[in-house]
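Engineer: kindly generate the corresponding structure for this input.
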Amino acid sequence: MQATKKYRMLGLMSGTSLDGLDLACVEFHSGRRWSFRVLEAQTLAYNNKWSQKLAHAHELSGEALLKLHGAFGRFLGEACTHFIRKNRIKQLDGIASHGHTIFHQPGRGFTFQLGDGSAIHAETGLPVVSDFRSLDIQLGGEGAPLVPAGDRLLFASADICLNLGGIANLSMEVKGKRRAFDICFCNMALNYLARKEG
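Structural biologist: Residues are numbered from 1 along each chain as shown. You can find the predicted model right below:
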């Protein structure tokens, strides 16, 4: 029988819909099967300054973009520190930060997620895993390796997993391999309509 291991991680997600920073402290258990438990979660709405900076980051020069990369990383680190203290979280194994996607062109071999993982580590002192997309793209993927892997490990009994993010995507088993792909806009459009309605 396989021994169960426990991992407690703080996950960060800043989606294309620009509604805010999602933070979730999750405990994972590995054994014969993986399981998880969400311990604490919060969405930190972006103020107008950060919304504007993120919305227009693709227009910046290389130097200005790198400066923002560090600043947003520090912002993420500060948000983590506040979240950890507020919820009295102990014994974290690390932080997993998706960052905020600024450029994503897998067909041309590049992607860029804003939010320097080193700056997050400098602010929190915790191990940080970041830049999830780049290696997948260099290996010929679409740059979204985590959702299908998580779906396979955590929701193995489901025939199809539907992820309703800024862009909706599906993942499923096809002939013993996990396949995943985008299908349409989702929260990007819904948030736009909600803001329009006030």
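Engineer: from the contact counts, what lies against the lengthiest helix in the chain?
Structural biologist: If you go by DSSP state H, the chain has its longest helix at helix 62-86. Helices and strands touching helix 62-86, as assessed by 3 or more C-beta pairs under 8 Å, 6 or more residues apart in numbering; DSSP states H and E, comprise strand 5-14, strand 21-30, strand 35-44, helix 48-55, strand 94-105, strand 110-114, helix 117-124. Every residue, glycine included, has its C-beta placed from N, CA and C.
Engineer: buried ones in the fourth one, by neighbour count?
Structural biologist: I take that to be helix 48-55. 50, 53-54 (16 or more other C-beta atoms under 10 Å).
Engineer: just the first one next, same as before
Structural biologist: Residues of strand 5-14 classed as buried under the neighbour-count rule (16+ other C-beta under 10 Å) are 8-14.
Engineer: ditto for the fifth one
Structural biologist: By neighbour count with 16+ other C-beta under 10 Å, strand 94-105 contains the buried residues 94-102, 104.
Engineer: averaged pLDDT, stretch 185-193. What do you get?
Structural biologist: Average pLDDT, stretch 185-193: 85.
Engineer: ok, back up a step: okay, the helices and strands packed on helix 62-86 in TSV with mean pLDDT next?
Structural biologist: Converted to TSV, the helices and strands packed on helix 62-86 look like this (pLDDT from 0 to 100):
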stretch	mean pLDDT
strand 5-14	95
strand 21-30	95
strand 35-44	96
helix 48-55	94
strand 94-105	92
strand 110-114	91
helix 117-124	98
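Engineer: same list (these) but as a markdown table, adding distance to residue 145.
Structural biologist: Below are those laid out as a markdown table (distance: least, C-beta to C-beta, whole Å):
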| stretch | distance to residue 145 |
| --- | --- |
| strand 5-14 | 15 |
| strand 21-30 | 17 |
| strand 35-44 | 18 |
| helix 48-55 | 23 |
| strand 94-105 | 11 |
| strand 110-114 | 12 |
| helix 117-124 | 16 |
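Engineer: nearest to residue 66, of the ones you listed?
Structural biologist: strand 110-114 (9.9 Å; C-beta to C-beta).
Engineer: what is the closest one packed up against?
Structural biologist: Contact here means 3+ C-beta pairs under 8 Å, 6+ apart; on that basis strand 110-114 packs against helix 62-86, strand 94-105, helix 133-138.
Engineer: quick one: distance of the last one to the chain centre.
Structural biologist: Just to be clear, that refers to helix 133-138. Relative to its chain's centre, helix 133-138 lies at 15 Å (C-alpha atoms, centre = their mean, to the nearest Å).
Engineer: just the buried positions in whichever helix or strand comes after that helix, please.
Structural biologist: Downstream of helix 133-138, the next assigned helix or strand under DSSP states H and E is helix 146-154. Neighbour-count burial for helix 146-154, counted by 16+ other C-beta under 10 Å, picks out 147-148, 150-152.
Engineer: give the contact list for the closest residue to residue 28 other than its chain neighbours.
Structural biologist: Excluding the flanking residues, the one nearest residue 28 by C-beta to C-beta, 6 or more residues apart in numbering is residue 7, at 4.5 Å. Residues in contact with residue 7 (C-beta atoms under 8 Å, 6 or more residues apart in numbering) are 27-30, 93.
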